[in-house]
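In: build me a model from this:
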Amino acid sequence: MTNKDEQKEAQSSDPIGCTGDGKVWMVALLGFLVGLLVMYLAMPAVFPPEVTVVEVPSEVEEGEEPFTLDETKVQEIGQLLSDTYLLNTGEDVPVTYLKYETEGSHAVLYYSIMGQEVPIYISKDYKYLYPSAIDYDQMASEITEAKAQYLASLSAEPEPEEHPGYPTSAEPEVYLFLMSNCPYGNQAENGIVDVVSLLEDEVAFEPVYIIYDETIWAERYNADSPECLVEDNVTYCSMHGMYELAQGIREKMIYNRYGEAKWAEYAAAVNTECFLAEQDIETCWKTVAESMEIDAVDIEDNYDAEKFTILAREKQLTFSMEQFGSPALVINGVDYSGSRTSEAYKSAICSAFESEPEDCSVELAATGTDSAGSCG
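Out: Presented below is the predicted three-dimensional model:
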């Protein structure tokens, strides 16, 4: 049995716990705000922008605690959001305060980030962020410290090589870790389509949909969350919620049934026709599948029977290989750190062959991006 066959058939009933101390602490620290930011930035169809610069505070009802807008705090929170996005994606984006509303015991501050209106819920005394009552001052301090460490690491680390030298094998083992609606993971999918199609018969390629649980961020990824699935006291969560978790399961079912080339073609089509076109993924996935002669009815009929088997494997690979950010390409056990273009991906993977196949001489278009952002 080849590595490729083993990847498709291997299952696990004992997911490995979180043991890494690298990306894990960053995910735990940033999980709450990052979830809010990426969810609203990546889902304009669900949360359409209604940008306005007119402040319309809600009327204070009888007995309701009054709220006073503290412009200094408003600017501090805006900076916190900007720093959080920088730490999560490596990109510095402007954050602009728009307006506020009051709702009972808390206030809602609205900010514009990359053209999207993002609400931030905070207690009227500015001490806690909701929905999990996170201490604002503590989080602000931790984000500031994390930013300082991140900026220091940028100056200390050398520029990553396209492929630093991978162990070679007759059939390289390639994993692409991602989240189905992470915009950066989608970039990686778009960049690797041609590579997977070209090298389908020569490499053991598998997409892995990143799964979180309580060990990453207990207040967000837990068994009581409606955004997670639970079986036998094991929790399975995706960073951006249930819609992303479900689409990841469906895409893995397509990979298992139709192979890596068809999966790559389908994933790229979903990125364009569903996510970028701001369509409802719960119906759009099926339209795309049917247009590609993928049996959507079969996927629907077997979804419940297969979902936890798939999730157990995705979680086992996520934690055992300590890959918590989307995207991450791993070639023969070594993390890839180059750009996300088709040619760059092909060059790195081909360097891991004991003897390069003829297909490696095919030059691919510069499809993809040089972006280094990630989710998680």
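
In: can you map out the strands along the stretch 201-350 of the chain?
Out: In the stretch 201-350 of the chain, the strands defined using DSSP state E, counting those that start in this stretch lie at 204-209, 228-231, 234-237, 328-331, 334-335, 340-341.

In: same list (the ones you listed) but as TSV, adding distance to Asp301 and mean neighbour count.
Out: C-beta: built from backbone N, CA, C; applies to glycine. Converted to TSV, those look like this (distance: least, CB to CB, whole Å; neighbours: other CB atoms under 10 Å):
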stretch	distance to Asp301	mean neighbour count
strand 204-209	21	24
strand 228-231	18	17
strand 234-237	21	23
strand 328-331	32	22
strand 334-335	37	15
strand 340-341	35	24
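
In: neighbours around Asp70, how many?
Out: 12 (other CB atoms under 10 Å).

In: settle this for me: it is touching Asp125, isn't it.
Out: No - using CB atoms under 8 Å, Asp70 makes no contact with Asp125, being 9.7 Å away.

In: for Asn222, give me its contacts.
Out: Neighbouring residues of Asn222 by CB atoms under 8 Å, 6 or more residues apart in numbering: Asp213, Glu214, Cys228, Thr235.

In: how about Ile249, what does it touch?
Out: If you count contacts by CB under 8 Å, 6+ apart, Ile249 has them with Tyr209, Tyr303, Glu306, Lys307, Ile310, Leu311.

In: switch to 10 Å and redo it
Out: 180, 209, 229, 236, 238, 299, 303-304, 306-311, 314 (CB atoms under 10 Å, 6 or more residues apart in numbering).

In: with Gly78 instead?
Out: With CB under 10 Å, 6+ apart, Gly78 has these contacts: Pro94, Val95, Thr96, Tyr97, Leu109, Tyr111, Ser112, Ile113, Ile120.

In: could you rerun that using 8 Å?
Out: Residues near Gly78 by CB under 8 Å, 6+ apart: Val95, Thr96, Tyr97, Tyr111.

In: most neighbours among those residues, please name it.
Out: Of the contacts of Gly78, with other CB under 10 Å as the count, Tyr111 tops at 22 neighbours.

In: hang on, that residue in a strand?
Out: Yes - in this structure, Tyr111 lies within a strand as judged by DSSP: H, G, I helix; E, B strand; the rest coil.

In: ok, now how distant is it from Lys124?
Out: Relative to Lys124, Tyr111 is positioned 18 Å away (CB to CB, to the nearest Å).

In: what's the answer for Ser291, then?
Out: Taken as CB to CB, the span from Ser291 to Lys124 is 51 Å.

In: for those two, indicate the residue with more neighbours.
Out: Lys124 (17 against 12).

In: thought that one was touching Lys73?
Out: No - if you go by CB under 8 Å, Lys124 and Lys73 don't touch, sitting 11.1 Å apart.
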